[in-house]
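>>> Dropping a prediction and its sequence here:
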Amino acid sequence: MLTLGMLAGRAELELAFAGGVDAARFEAVGVAGLTALTVSQLLEGEPQRRLDAGCLVLVTGLQFRGRGRAEVALETLMEQLALDGCAGLVVSLAPGAHQPLPQAIRDLSHALSVPVLVTTAPLREWAKTRHRLQESRLAGAELRASQLTTLVQQVPSELADPRAMQRIADWLARALQVQVLVSDPHRVLAASPATAAEALAPAIIHSSVDAAASSRPSGPHTRLISLGPARGAGTVLAVARGTAPFDDAEVRLLGHAAKLLGLLDQARREYRAAAETSRAARRAAVELLLDGEVDKARRVLAAQAPGLLDADTVRVFVVDVPCAHRDVAVRRCEVVTEGRALVIADPRADRRIVVVQPVRPGRPDDGVGADLTRLVAALGAEASVGGSGVYSMSLLADALREASAAQGFALLQPDAAALSAPNTDLIGLLPPRDAQLWARTLLDPLMRHDAQWEQMRETLSMALAHPYTVAARRLNLHRNTVTRRVARAAEALRVDFTSVADRIAVGLALELVTHREPPARSMTPGTPGTPGAYAPTLHSLLSSPQITAWADTLLRSARGDRRDLITTATVWLTHEAHLEPAARALGLSEATVRSHLRALEAHMSRDLGSLGGLRDLQFALYVATGKVEIAESRGVLVPAT
């Protein structure tokens, strides 16, 4: 855009600022067009319309001989120029004329901030200038239309697209040759170039939001524009350049860009609020599952993820990443497991992400473990993932503990992953029909009455996996109530829950029986001793080639350890997992036995502090060595009649 200074520099226009007018103050004023008036038109009250902003008015034929009608009309015109935002007034004088502007006109120019210039050039030169201004204005309009089209094209199909603000910032920086920063009080949302944040931060800090909201410049070539619908909004668009100031067209373009950025910012805030509400519901659901409140967790998540928690069994994965990268990793976990799992940032550990995968019948894997392993590889060397086996939904806390232990073991693996894959999970290898029939035969005394079964199933699952005090707290019961129920269950099942073997067997049966409804007729246990009655035993369940291969695989690494870890584990289990008697029997210190067990955990990728870890160790030793007793070999678990 042409400016008054540029026009004054054209020799053919013979144009200069009138005496007493501050030329430096007005040289940068842009000129958008030219309107010519004769003195006759001026005296007749022209112009009788609103003048275009940025217009330069040329008055010809004036002669100043004392204060007369022409001077009064000129003063009225200057007042209109000030109201309409015109660029200035040019008075055409005859060459060689010595008619200085009246002092009243110069004073009014200063008071109204309307620059007055004089010219002695012929009118044909001003006609050419008017044509050039029209061409420039047309080109500017075409440029603005193109810019607006391009600006609108930067708007994404989804307003919450996190990259949209950066695309608009990059485009503004290129189109206007400026530095661009979009920020709120907490963070930089977009910057172009990358150094813009450092350059524009002082302007944002030292400028009031009121000034930004009115789009007034905070510096010679800096603009701050609030993106909020009202003053006081925290998100601001800041632009600056070190060359020419912004002209009106550029200011309007910035206003349009600010409106689009404001829409994106509003969408960003609404999306974040909705996402946080969703994450809060997911966190609440996981906390309820950890406390064994499965039905409540299902109700909490019913609106957001209908049917996701309908399954009765579950696997848990723990992803560990650096604290600074966790938010990004959570979003990526949500993407790769969408519709198949719950993902939360663990509030108890600032590096940990918990992924809860419901396991449906016939779909034991669903690809979640493999997807998380690939994601961990993409996240870098400091990321790792551990997974649990399949647990009842009410035993999510046990699954989480196993997954956490596996994540620790994953740090020692080349791919930083330690998953209880289906082919290494004991329950997945048991013959389904026989396993269900064995479990229902064992638990039949508790399953005969629905109310009793529901109560006992919930209590036993917790009490076998945790100390009674912890189980009581999670069940919202008194410790004595838990103790009485466990005692009644032990009496009904004819087992001794002080025995590790009995706890493991009943715990396995509870894992297998995931519905309280009675089994189908073909799977209903027959009366022991009657002709044709078939009741599989725990020994028969563990006698398949698949289980033998599983046991050998689980113990292979431990067998290669120079310490006799297998003997330590066998003696420890023989003494009901108590350190002191096991150490005495082995002739070792308790510290040595403890270190052997920790080493065994690392070799097996199992947590021996959990019932599931103990179960896998006991069954693997029973199958591989025959030196460890299971419950049936002690003469218990005989079906009651």
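Yep, it's here.
>>> ok, the residue nearest to L541 when sequence neighbours are not counted - contacts?
Spatial nearest neighbour of L541, chain neighbours left out: L430 (5.4 Å); criterion: C-beta to C-beta, 6 or more residues apart in numbering. In short, each C-beta sits where N, CA and C put it, glycine included. The neighbours of L430, taking C-beta atoms under 8 Å, 6 or more residues apart in numbering as the test, are 512, 541, 547.
>>> filter these to the buried ones?
Among those, those classed as buried by 16 or more other C-beta atoms under 10 Å are 512, 541, 547.
>>> avg pLDDT for whatever helix or strand Q452 lives in?
Assigned by DSSP states H and E, Q452 belongs to helix 450-465. The pLDDT scores in helix 450-465 average 84.
>>> now swap in stretch 473-482 and tell me
According to the model, stretch 473-482 has a mean pLDDT of 88.
>>> for the helix or strand containing E491, packing partners?
Using DSSP H and E, E491 sits within helix 479-493. For helix 479-493, the elements it packs on are helix 432-447, helix 450-465, helix 468-475, judged by 3 or more C-beta pairs under 8 Å, 6 or more residues apart in numbering; DSSP states H and E.
>>> how about a cut-off of 10 Å?
Applying 3 or more C-beta pairs under 10 Å, 6 or more residues apart in numbering; DSSP states H and E, we find helix 479-493 packed against helix 432-447, helix 450-465, helix 468-475, helix 500-512.
>>> Pull the distance from that helix to the chain's centre.
Here helix 479-493 is found 46 Å from its chain centre; the criterion is C-alpha atoms, centre = their mean, to the nearest Å.
>>> next one: stretch 310-324
17 Å.
>>> Check which residues of it are buried.
312-321.
>>> a markdown table for these, including pLDDT, secondary structure and distance to V335?
Formatted as a markdown table, those follow (pLDDT from 0 to 100; DSSP: H, G, I helix; E, B strand; the rest coil; distance: C-beta to C-beta, whole Å):
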| residue | pLDDT | secondary structure | distance to V335 |
| --- | --- | --- | --- |
| D312 | 84 | coil | 27 |
| T313 | 85 | strand | 24 |
| V314 | 88 | strand | 21 |
| R315 | 90 | strand | 19 |
| V316 | 92 | strand | 19 |
| F317 | 94 | strand | 15 |
| V318 | 94 | strand | 18 |
| V319 | 94 | strand | 13 |
| D320 | 93 | strand | 19 |
| V321 | 93 | coil | 15 |
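>>> got any ranges where the stretch 301-450 of the chain has weak pLDDT?
Scanning the stretch 301-450 of the chain for pLDDT under 70 picks out 361-366, 420-425.
>>> Just the helices from it, written as ranges.
Assigned by DSSP state H, counting those that start in this stretch, the stretch 301-450 of the chain shows helices spanning 326-336, 368-379, 396-410, 426-429, 432-447, 450-465.
>>> quick one on the thing from earlier: buried by neighbour count: which residues of the helix holding E491 qualify?
Buried, per 16+ other C-beta under 10 Å, within helix 479-493: 482-483, 485-486, 489-490, 492-493.
>>> next one: stretch 607-621
Neighbour count says stretch 607-621 has 607-608, 610-621 buried, by 16+ other C-beta under 10 Å.
>>> Pretty sure A238 sits in a strand.
Yes. According to DSSP: H, G, I helix; E, B strand; the rest coil, A238 belongs to a strand.
>>> Show me the beta-bridge partners of it.
Residues in a beta bridge with A238, per DSSP bridges, are L181, L224.
>>> what's the distance between it and D247?
Separation of A238 from D247 (C-beta to C-beta, to the nearest Å): 18 Å.
>>> Strand 313-320 and the host helix or strand of L260, what's the angle between them?
Take DSSP H and E as the rule and L260 turns out to sit in helix 248-290. Interaxial angle, helix 248-290 versus strand 313-320 (axes from the mean of the first three to the mean of the last three C-alpha atoms, to 10 degrees): 130 degrees.
>>> what residue ranges in the protein score low on pLDDT?
64-67, 96-99, 138-162, 203-220, 229-233, 361-366, 420-425, 514-534, 633-641.
>>> and with 50 instead?
208-219, 231-232, 421-423, 515-524, 526-532, 638-641 (pLDDT under 50).
>>> Domain ranges for it, per the record?
4-132, 157-269, 291-424, 541-634 (automatic domain parsing).
>>> How far does the first one stretch from one end to the other?
Taking C-alpha to C-alpha, to the nearest Å, the span from the opening residue of domain 4-132 to its closing residue is 14 Å.
>>> Relative to the whole chain's centre, how far out is that domain?
How far domain 4-132 lies from its chain's middle: 60 Å, per C-alpha atoms, centre = their mean.
>>> which of the buried ones among the contacts of L430 lies closest to A417?
I547 (24.2 Å; C-beta to C-beta).
>>> from memory that closest one sits against L426, does it?
Yes. Counting by C-beta atoms under 10 Å, L426 is a contact partner of I547 at 7.5 Å.
>>> and for these two, which residues touch both?
541, 619-620 (C-beta atoms under 10 Å, 6 or more residues apart in numbering).
>>> mind listing what E27 touches?
Counted by C-beta under 10 Å, 6+ apart, E27 has contacts 3-9, 17, 115.
>>> Out of these, which two sit at the greatest distance?
Greatest spacing in these, by C-beta to C-beta: G9 and P115 (14.9 Å).
>>> ok, those two, which is more surrounded?
P115 (24 against 11; other C-beta atoms under 10 Å).
>>> what's that one sitting at in phi/psi?
phi -70, psi 140 (degrees, to the nearest 10).
>>> Same check on G88?
phi 160, psi -180.
>>> you'd agree it is up against A23?
No. The pair G88 / A23 is not scored as a contact, 11.3 Å apart, by C-beta under 10 Å.
>>> How about Q407, nearest residue that isn't a chain neighbour?
Counting by C-beta to C-beta, 6+ apart, the residue nearest Q407 is G386, at 3.0 Å.
>>> and that neighbour, what is it in contact with?
Contacts of G386 (C-beta under 10 Å, 6+ apart): 316-320, 372, 402-411, 413, 416-420, 605, 607.
>>> Quick one, which of those residues are buried?
Among the contacts of G386, the ones that count as buried by 16+ other C-beta under 10 Å are 316-320, 372, 402-410, 416-420, 605, 607.
>>> Just the terminal-to-terminal distance for stretch 472-484.
12 Å.
>>> do stretch 314-329 as well
OK, stretch 314-329 end separation, C-alpha to C-alpha: 22 Å.
>>> Off-centre distance for it?
On the basis of C-alpha atoms, centre = their mean, stretch 314-329 sits 12 Å off its chain's mean C-alpha point.
>>> ok, now stretch 444-461?
42 Å.
>>> which of the residues in it are buried?
Buried residues in stretch 444-461 (16+ other C-beta under 10 Å): 444-447, 452-453, 456-461.
>>> TSV please, covering the residues you listed and showing distance to S278.
What follows is the buried residues of stretch 444-461, written out as TSV (distance: C-beta to C-beta, whole Å):
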residue	distance to S278
D444	43
P445	44
L446	39
M447	38
Q452	38
W453	35
M456	36
R457	31
E458	29
T459	33
L460	34
S461	29
